[in-house]
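Engineer: With the sequence up front, the predicted model follows.
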Amino acid sequence: MHYIRSMPALPFRTLAPWLRASFGRPIHRVALDAGSTCPNRDGSKGFGGCVYCDVEGSGTGALRDGVDLGHQLETGLARIQRRQRAGDPPLGAIAYFQSYTNTYVSTQRLVQTLDVVRPFLSRGIVAVSLATRPDCLPEEALDALSALGEHVPIWVELGLEVADDQRLIDIGRMHTVAEFFEAVERVHARGFLSVGHAILGLPGDGREGARATAQALAQAGCSGVKVHHLMVLKRTQLAARWKRGEVEVLEPETYVDWLADFVERLHPDQVLHRITGDAPLENRLAPHWQVHKSAVRELLSQELQARGTHQGSRVAPGVLPPPPLVLPKNLHHPQP
């Protein structure tokens, strides 16, 4: 299978090789917008969202543009199929419900949303990933996910961002570290994988904070980890603070240094789904790095090699590996 190219082993575990090993072929994500909202926007816990979150909830905004979910999936799968090369195995896709808090809806609405995916399970969908908050995960939502999980692996993405309750209040998250741990435990009890999110360089959270957040994600046993540097986006609460000179952002060298600390404290079996962030230049106030996001991986590798360390070198004693991917017994077998 010539699509697997030989390359030097990295001192940390990345997503693409893990996906190929798990599913036997290259896998791509189809980002979906289900039109959800958030308790930090509708007044349940606050208004305006987390301080760094823009009005599209770090998503596509597709549904608000009138693009229904079925069409989003059709378009996304067609885009992936155009990458297909002669002789390669059929490409697979993850249906990724990205925007806002996807379980912060009625059970009926969530079931209807997930039902849109079902007709596509035989057309290349190999997993369903759903982003939400640790304090917005009722048992009824887990029941709905379990019903779909009989046919396809389910991943639940949970935002921790920072392992400090006071910082979580300061940035408008309005949940606790304990709620994150409890949510991860409940996700795992259902047989789902969990993916924890972290942001390095948040206001008031320095290098030691980055280390503590990695330790928390390792202790929680998240199968996957997404981490990126703080970005100041337009139409956010953070933007006004940055314009007043109250917020500093990390330079690439500092971020890579802290990121190396972070990766050293993860469990070696955790998969890094993302190690840097990106946002369109027209939406971003800061930072404006000259380093492309693809270069961050190489810089991180060089930093760890210079230190003589690797992912997991400084993981806390007694931290257990995350649960493995278990394919459902009723798994649909996607067709080419």
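Structural biologist: Nice, I can see it. Numbers count the residues shown, from 1 in each chain.

Engineer: Just list what the host helix or strand of E74 packs against, helices and strands only.
Structural biologist: Here E74 sits within helix 69-81, counting by DSSP states H and E. Counting contacts by 3 or more Cβ pairs under 8 Å, 6 or more residues apart in numbering; DSSP states H and E, helix 69-81 packs against strand 27-32, strand 92-97. Every C-beta, even on glycine, is put in place using the N, C-alpha and C of the backbone.

Engineer: can you give me the end-to-end distance of stretch 237-249?
Structural biologist: Length of stretch 237-249, first residue to last, Cα to Cα, to the nearest Å: 15 Å.

Engineer: and it, how far from the chain's centre?
Structural biologist: With Cα atoms, centre = their mean, to the nearest Å as the basis, stretch 237-249 stands 25 Å off its chain's centre.

Engineer: can you give me how far the helix holding E74 is from the chain middle?
Structural biologist: The chain centre lies 20 Å from the centre of helix 69-81; the measure is Cα atoms, centre = their mean.

Engineer: Where does pLDDT dip in the stretch 51-200 of the chain?
Structural biologist: 56-67 (pLDDT under 70).

Engineer: Where do the helices of it begin and end?
Structural biologist: Secondary structure of the stretch 51-200 of the chain by DSSP state H, counting those that start in this stretch: the helices cover 69-81, 107-115, 139-149, 165-170, 177-189.

Engineer: Of these, which stretch is the most buried?
Structural biologist: Ranked by mean neighbour count, the helices of the stretch 51-200 of the chain are led by helix 177-189 with a mean of 19 (mean count of other Cβ atoms under 10 Å).

Engineer: ok, the residue nearest to F192 when sequence neighbours are not counted - contacts?
Structural biologist: Nearest non-adjacent residue to F192, counting by Cβ to Cβ, 6 or more residues apart in numbering: I154, 4.4 Å away. Applying Cβ atoms under 8 Å, 6 or more residues apart in numbering to I154 gives the contacts A127, V128, S129, L130, L145, S146, L148, R190, G191, F192, L193.

Engineer: top of those residues by neighbour count?
Structural biologist: When neighbours are taken as other Cβ atoms under 10 Å, the top entry among those is L130 (27 neighbours).

Engineer: Is it correct that that residue is in contact with N102?
Structural biologist: Yes. The pair L130 / N102 is scored as a contact, 4.9 Å apart, by Cβ atoms under 8 Å.

Engineer: ok, the closest residue to E185 other than its chain neighbours - contacts?
Structural biologist: In space, E185 comes closest to A220 once its chain neighbours are excluded; the distance is 7.9 Å by Cβ to Cβ, 6+ apart. Applying Cβ under 8 Å, 6+ apart to A220 gives the contacts L160, F180, F181, V184, E185, S194, G196.

Engineer: Dump the helices of the stretch 51-200 of the chain to CSV, plus distance to A306.
Structural biologist: Listed next are the helices of the stretch 51-200 of the chain as CSV, based on distance: least, Cβ to Cβ, whole Å:
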stretch, distance to A306
helix 69-81, 37
helix 107-115, 46
helix 139-149, 42
helix 165-170, 30
helix 177-189, 32
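
Engineer: right, and those helices - which one's nearest Y96?
Structural biologist: Y96 lies closest to helix 69-81 among the helices of the stretch 51-200 of the chain, at 9.0 Å (Cβ to Cβ).

Engineer: and the closest one, C-alpha only, in CSV?
Structural biologist: Only the C-alpha atoms of helix 69-81 are listed here, as CSV (Å, rounded to 0.1, in the frame of the first residue of the first chain):
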residue,chain,number,x,y,z
LEU,A,69,-26.4,18.7,7.9
GLY,A,70,-27.1,16.2,5.1
HIS,A,71,-25.7,18.6,2.5
GLN,A,72,-22.7,19.3,4.7
LEU,A,73,-21.9,15.6,4.9
GLU,A,74,-22.4,15.1,1.1
THR,A,75,-20.1,18.0,0.3
GLY,A,76,-17.5,16.9,2.8
LEU,A,77,-17.4,13.3,1.6
ALA,A,78,-17.2,14.5,-2.0
ARG,A,79,-14.2,16.7,-1.2
ILE,A,80,-12.5,13.7,0.5
GLN,A,81,-13.2,11.5,-2.5
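
Engineer: Show me what the residue positioned nearest the centre of the chain bridges to in the sheet.
Structural biologist: Central residue of the chain (Cα atoms, centre = their mean): K226, 4.8 Å from the mean position. Using DSSP bridges, the beta-bridge partners of K226 come out as H197, R274.

Engineer: burial count for G318?
Structural biologist: Counted with other Cβ under 10 Å, the neighbours of G318 add up to 6.

Engineer: Backbone dihedrals for it, please?
Structural biologist: Main-chain dihedrals, G318, degrees, to the nearest 10: phi 90, psi 0.

Engineer: so R284 touches K234, yeah?
Structural biologist: Yes. Counting by Cβ under 8 Å, R284 touches K234, with 7.4 Å between them.

Engineer: Tell me which of these two has more neighbours.
Structural biologist: Taking other Cβ under 10 Å, R284 and K234 do not tie; R284 has more neighbours (17 against 14).
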